[in-house]
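>>> give the three-dimensional model of this entry:
(one chain, ligands or ions: 2)
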Amino acid sequence: MATKKSNTIKLKFDSARELAPAPESKSAATIKPQYELFINGKFEKPASKKYYHTINPATEERISSIAESNQADVDRAVKAARQAYEKTWKKMPGKERAKYIFRIARMVQERAREFSIVETLNGGKPIRESRDFDVPTAANHFFYYAGWADKLEYAFPNRQASPLGVAGQIIPWNFPLLMAAWKIAPALATGNTVVLKPAETTPLTALKLAEIIQEADLPPGVVNIITGAGATGAAIVNHPDVNKIAFTGSTDVGKIIQRAIAGTSKKATLELGGKAANIIFDDAPLDQAVEGVINGIFFNQGHVCCAGSRLYVQESVFDQVLRKLKDRMETLIVGDPMDKNTDIGAINSKAQLDTINKYLKIGLQEGADMYQSSCKLPGKGFFCRPTLFTNVAQSNRITQEEIFGPVLTIQTFRTDDEVIAKANNTPYGLSSGVWTDKGSKIFNLTTKLRSGVVWANTFNKFDPVSPFGGYKESGYGREGGLHGLYAYVNVK
Ligand code: NAP
Ligand code: MG
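Ligands and ions are numbered 1, 2, ... in the order given. As a prediction, this is how the structure comes out:
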């Protein structure tokens, strides 16, 4: 009888997960076999004559060949940006600049399906996320900043704002199109020109954006998009004719950039890593909080700088929360990112999967208890089961260091002061979340948590109007909103 009972339970879980496949079609997007560099309004071969392969991390298949920029290519791109800045863009009235940015926004919207397919094929994120989050939010950023281009005197009342010049922009692989939009839109709205480098593993949507920029008839050189690895990024940072560096990526590279630009007149915004605390009080609506925790850590496979990777649960509800969390994890569908049912797609690269697996080992060596959902993983590609660690200490590496994967640590607390001290006890300070029924508790914590963003009874909410950025080793400067304009102007 006992065996029969456990069979029934198993069957229930299996049937919950085995939905009929609902794959998005690859054929709705065209990907060229080879991509060149977008410099001065044209697609040009790299001076290096070198190309590398970009792959689909869910299948490990090659998708396309990508040009690798060397110093000469960076020089050409910066020169094109400088000429476009001096000759056209800085002189153009804001209302004219706005028309181009609105045009880009509309074209991203028109090709939203194609962009989401390419984002998912190249980056491994579920199609549901690229379709419902990445692409529409990227379009919204262009719309939002297009609206500011002719209203800068209202953004900076009684002061005169002028552009900085050529902006070098370097972005990571976790939100490739969205990060390009965050960077390009405010720079153009304020009259700067751009040289942007996407991450080595996810260049395709930025190159598709280059096609749109060409079609939108933006004056040549206003936006240049060049591909390559870390060395290309370093060449942009060190170029003497670049006036501003906008970087999103790891804290380690952020520190290299700070050292490189020290003593120069270059301005910088750095959006770096995070290790966000998500805090559940015993008076919180627990089901809603558990949904928020799941979204906070498993959205985009946990490749999110503001991911809620440290959960703090008030002691009296710990057992209940843990049980609900495990039950919910068991229903998450891990697998083919192109399937519309998938909740957790592929880890972006072999290197990132190795990093995550290294941290799983470290967690076990540190004496933590690991729990993973029982889902089957695909035979090919880079995948990781959603993972929880309990019995962890504040000093453990898995609680202190950014893992950037679907891995959550859970600790308990008794009082407000205790959880504030624990939440603030990391080198990072990008975001945090609070779940409680009491407004007074929310206000107490939002004033004391040392992070750029605090979400209350929600998590991972983004809007172009709302500024985003960090404290401490999570970087400085803000992107989004009115604050995002400041980063691209001199104010008199
Ligand atoms: P990364 O290694 O720092 O890379 C970011 C970008 O910088 C990539 O385009 C990279 O090129 C380039 N790069 C590498 N070395 C460079 C150098 N010496 N000089 C200039 N550029 C260089 O970070 P990642 O692994 O791609 O992204 C994950 C990290 O980004 C995480 O730590 C995450 O928290 C952070 N992140 C932060 C935010 C935020 O808003 N705060 C948002 C997203 C991600 P390659 O592609 O060739 O490596
Ligand atoms: Mg890297």
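>>> what about the residue lying closest to residue 172 once chain neighbours are set aside, how many residues nearby?
Sequence neighbours aside, residue 249 is the residue nearest to residue 172 in space, at 4.7 Å (criterion: CB to CB, 6 or more residues apart in numbering). Quick note: C-beta positions are derived from backbone N, CA and C, even for glycine. Residue 249: 23 surrounding residues under other CB atoms under 10 Å.
>>> before we move on, what about residue 260?
Residue 260 has 15 neighbouring residues, counting by other CB under 10 Å.
>>> likewise for residue 376?
Neighbourhood size, residue 376 [other CB under 10 Å]: 10.
>>> that one belongs to a helix, doesn't it?
No: per DSSP: H, G, I helix; E, B strand; the rest coil, residue 376 lies outside any helix segment and is coil.
>>> quick check: it vs ligand 1, distance?
Separation of residue 376 from ligand 1 (CB to the nearest ligand atom, to the nearest Å): 28 Å.
>>> next: residue 85.
Residue 85 is 22 Å from ligand 1, by CB to the nearest ligand atom.
>>> my guess is that residue meets residue 192, correct?
Yes: shown here, residue 85 and residue 192 form a contact pair, counting by CB atoms under 8 Å, at 7.1 Å.
>>> neighbour count for those two, which is higher?
residue 192 (27 against 23).
>>> now the helices: where do they sit in the stretch 201-350 of the chain?
204-215, 230-238, 251-261, 286-298, 318-330, 350-365 (DSSP state H, counting those that start in this stretch).
>>> ah, wrong one, I meant the stretch 351-492 of the chain
397-400, 416-424, 439-448, 483-486.
>>> in the longest one, which residues are buried?
Read that as helix 439-448. For helix 439-448, burial by neighbour count (16 or more other CB atoms under 10 Å) applies to 441-442, 444-445.
>>> and stretch 19-26, by the same measure?
residue 24.
>>> need the residues that contact that stretch.
Outside stretch 19-26, the residues that touch it by CB atoms under 8 Å, 6 or more residues apart in numbering are 116-117, 120-121, 127, 131, 333, 336, 338-341.
>>> who wins on neighbours among those residues?
residue 120 (30 neighbours).
>>> where's it relative to residue 349, distance?
The gap separating residue 120 from residue 349 is 15 Å, by CB to CB, to the nearest Å.
>>> about what we covered before: out of the helices of the stretch 201-350 of the chain, flag the one nearest residue 171.
helix 204-215 (7.7 Å; CB to CB).
>>> between residue 85 and residue 192, which contacts overlap?
Counting by CB under 8 Å, 6+ apart, the residues touching both residue 85 and residue 192 are 163, 165-166.
>>> just those now: which is nearest ligand 1?
residue 166 (15.8 Å; CB to the nearest ligand atom).
>>> in contact with the closest one, which residues?
By CB under 8 Å, 6+ apart, the contact set of residue 166 is 78, 81-82, 85, 192-195, 241-244.
>>> and ligand 1, which of the shared contacts of residue 85 and residue 192 contact it?
The subset of the shared contacts of residue 85 and residue 192 within reach of ligand 1, by CB under 6 Å from any ligand atom, is empty.
>>> got TSV for those residues, with pLDDT too?
Formatted as TSV, those follow (pLDDT from 0 to 100):
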residue	pLDDT
163	98
165	98
166	98
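>>> from these, which land in helices?
Among the shared contacts of residue 85 and residue 192, no residue falls in helices (DSSP state H).
>>> if we can go back for a sec, buried deepest among the helices of the stretch 201-350 of the chain, which one?
Mean neighbour count (mean count of other CB atoms under 10 Å) peaks for helix 204-215 among the helices of the stretch 201-350 of the chain, with a mean of 23.
>>> for that helix, packing partners?
Packing partners of helix 204-215 (3 or more CB pairs under 8 Å, 6 or more residues apart in numbering; DSSP states H and E): strand 37-39, strand 42-44, strand 61-67, helix 94-110, helix 112-123, helix 176-189, strand 223-225.
>>> now do 6 Å
Where contact means 3 or more CB pairs under 6 Å, 6 or more residues apart in numbering; DSSP states H and E, helix 204-215 is packed against helix 112-123, helix 176-189, strand 223-225.
>>> got the contacts of stretch 19-26 as TSV, with distance to ligand 1 and pLDDT columns?
Converted to TSV, the contacts of stretch 19-26 look like this (distance: CB to the nearest ligand atom, whole Å; pLDDT from 0 to 100):
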residue	distance to ligand 1	pLDDT
116	19	98
117	22	98
120	18	98
121	17	98
127	20	98
131	20	98
333	25	96
336	24	97
338	23	98
339	25	98
340	25	97
341	26	96
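>>> out of those, which is nearest to residue 412?
Looking across those and measuring by CB to CB, the closest to residue 412 is residue 333, at 29.6 Å.
>>> number of residues surrounding the closest residue to the closest one other than its chain neighbours?
For residue 333, ignoring the flanking residues on the chain, the nearest one in space by CB to CB, 6+ apart is residue 343 at 4.9 Å. Residues lying near residue 343 (other CB under 10 Å) number 21.
>>> low-confidence ranges in the protein?
1-17 (pLDDT under 70).
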